[in-house]
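**Student:** got a structure for you, letters missing:
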Ligand code: CA
């Protein structure tokens, strides 16, 4: 298993590689808004584990192993973002998915994927769910923030 930080590097490198022929260390630093030394260190670790290979100076290419894991990481992130939008969470969807992807286990994410898929296949049920949400909200029901001042 990669660390959450290395997973994020690989995820971003894979996402970047889908629309760009060449992946440079500087591109990834810009995408993730991190320093060049941090990217270089991550890339060294990922290439040591055979997820990446250096092509030439400061350019990297994903290996088959890297592509396989990268695809999974991008998919996992997408499923969680879809879920958060589906349940109409008023959170910062990308930040929340980012936190969830490193915490939830694969069985839980697969169940979430099934739920999202179910709602896509049965829009009439999804409609019911949204109506239920709306009713509860207008009735003032739901978890109260215990940190709020009384
Ligand atoms: Ca991520």
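**Tutor:** Arrived safely. Since the model is a prediction, treat every value here as computed from it, not as a measurement.

**Student:** for the nearest residue to residue 46 once chain neighbours are set aside, phi and psi?
**Tutor:** Excluding the flanking residues, the one nearest residue 46 by C-beta to C-beta, 6 or more residues apart in numbering is residue 52, at 4.6 Å. C-betas here are computed from N, CA, C, even on glycine. Dihedral angles phi and psi of residue 52 (degrees, to the nearest 10) take the values phi -140, psi 160.

**Student:** go ahead and confirm residue 52 touches residue 64.
**Tutor:** No. Taking contacts as C-beta atoms under 8 Å, residue 52 lies outside contact range of residue 64: 11.2 Å.

**Student:** looking at these two, which is more packed in?
**Tutor:** Counting neighbours by other C-beta atoms under 10 Å for residue 52 and for residue 64 shows that residue 52 has the greater number, 24 against 9.

**Student:** in three-state terms, how would residue 8 be classified?
**Tutor:** When states are read from DSSP: H, G, I helix; E, B strand; the rest coil, the local structure at residue 8 comes out as helix.

**Student:** isn't it up against residue 32?
**Tutor:** Yes. The pair residue 8 and residue 32 passes the contact test of C-beta under 8 Å, sitting 7.1 Å apart.

**Student:** roughly how far does residue 116 sit from the ion?
**Tutor:** Taking C-beta to the ion, to the nearest Å as the measure, residue 116 and the ion are separated by 18 Å.

**Student:** can you name the residues that contact that residue?
**Tutor:** Contact analysis of residue 116 by C-beta atoms under 8 Å, 6 or more residues apart in numbering lists 79, 82, 83, 86.
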